[in-house]
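Asker: return a 3D structure for these sequence lines:
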Amino acid sequence: MSQFTAVKLMGLLTEPLTQVLLLLLVGLLLWKKHRRISRLSFVVATAWLWLASSSLFANFLMAQLERDYPPVAAQNLPEADVIVLLGGAIRGEASKDTLADMSGVGDRLIFAVAAYKAGRAPAIVVTGGARKGVTPEAKLMRDILVTLGVPQQAIIMEARNRVTFDNTRFTRHTLAAMEAKTVLLVT
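Answerer: You can find the predicted model right below:
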C-alpha cells in the first residue's frame, strides 16, 4: 500500500460518517450473539451521527480552534522572509478562459495578497499538488494571486506534494533553498 493510499485511508477513518458506518457494521455483526452490545453500538452510532452533523457541535469545535488565534490585520504582522500559502483554497479546475473557483477557505488567498501588499514579505510560496492529469493547486493559486496584483516573479510554486506530509517536507526544502529564516504561514 502506498503512503498516499495509507494517509487517505487513515483520514477516512477520522470522518464521522465512516465511524458511524463502522459502528453500524459492528452492531449488525454482533446482533445474533451479543444483543446488548449490538444495541449499544446502534445507539452510539445514531447519537454520534446526530452530534457530528449538528451545526452547534461544528461551531463549538471551530470556536475551540480559533479562540487561541484571533484574526490579525495584514499590516500588523511582523516582517518575514516569505509568506507560505497552504493549499486547500481551490475547488475544481480552471478552464482556459476562467480562473479556478475558490473554496470556503479561499480567503487565505486574499489574506496572502494583503500581507504581500503590506510589505510583510517579498515573496509567496504557494503549496498544493495534484493527482495525475490534474493541474496542481499551486499553479491555480498562482494564477489567482497574479490576477490580484502579485507579480509572478514574487510567487514560488511547490506543486510536488500529494499529501500533507509531503507538503511540509517539500516546502521545507523550498524554504531552505531560499535561505528563508522567518515565515508567515497563511492557512
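Asker: hey, let's count contacts and neighbours off CA atoms from now on
Answerer: Noted.
Asker: now do stretch 20-39, average pLDDT.
Answerer: Stretch 20-39 carries an average pLDDT of 95.
Asker: break the protein down into its structural domains.
Answerer: When the chain is parsed with automatic domain parsing, its domains come out as 3-66, 74-186.
Asker: comparing those domains, which yields the minimum mean pLDDT?
Answerer: When the domains of the chain are ranked by mean pLDDT, domain 74-186 comes last with a mean of 85.
Asker: how far does it stretch from start to finish?
Answerer: Domain 74-186 has an end-to-end distance of 11 Å (criterion: Cα to Cα, to the nearest Å).
Asker: could I get the domains of the chain as CSV with mean neighbour count?
Answerer: Shown next, in CSV, are these (neighbours: other Cα atoms under 10 Å):
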stretch, mean neighbour count
domain 3-66, 14
domain 74-186, 17
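Asker: where does Arg162 land in three-state SS?
Answerer: The three-state assignment at Arg162 reads coil, by DSSP: H, G, I helix; E, B strand; the rest coil.
Asker: quick one: residues contacting the closest residue in space to it that isn't next to it in sequence.
Answerer: In space, and not counting its chain neighbours, Arg162 is closest to Gly129: 5.3 Å by Cα to Cα, 6 or more residues apart in numbering. By Cα atoms under 8 Å, 6 or more residues apart in numbering, the contact list for Gly129 reads 136-138, 158-163.
Asker: which residue ranges of this protein form strands?
Answerer: For the chain, applying DSSP state E gives strands covering 82-85, 90-91, 101-102, 124-127, 155-158, 183-186.
Asker: for Val82, what are its contacts?
Answerer: 121-125, 180, 182-184.
Asker: can I get the residues you listed in TSV including distance to Phe60?
Answerer: Formatted as TSV, the contacts of Val82 follow (distance: Cα to Cα, whole Å):
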residue	distance to Phe60
Ala121	34
Pro122	37
Ala123	35
Ile124	32
Val125	32
Ala180	36
Thr182	32
Val183	30
Leu184	27
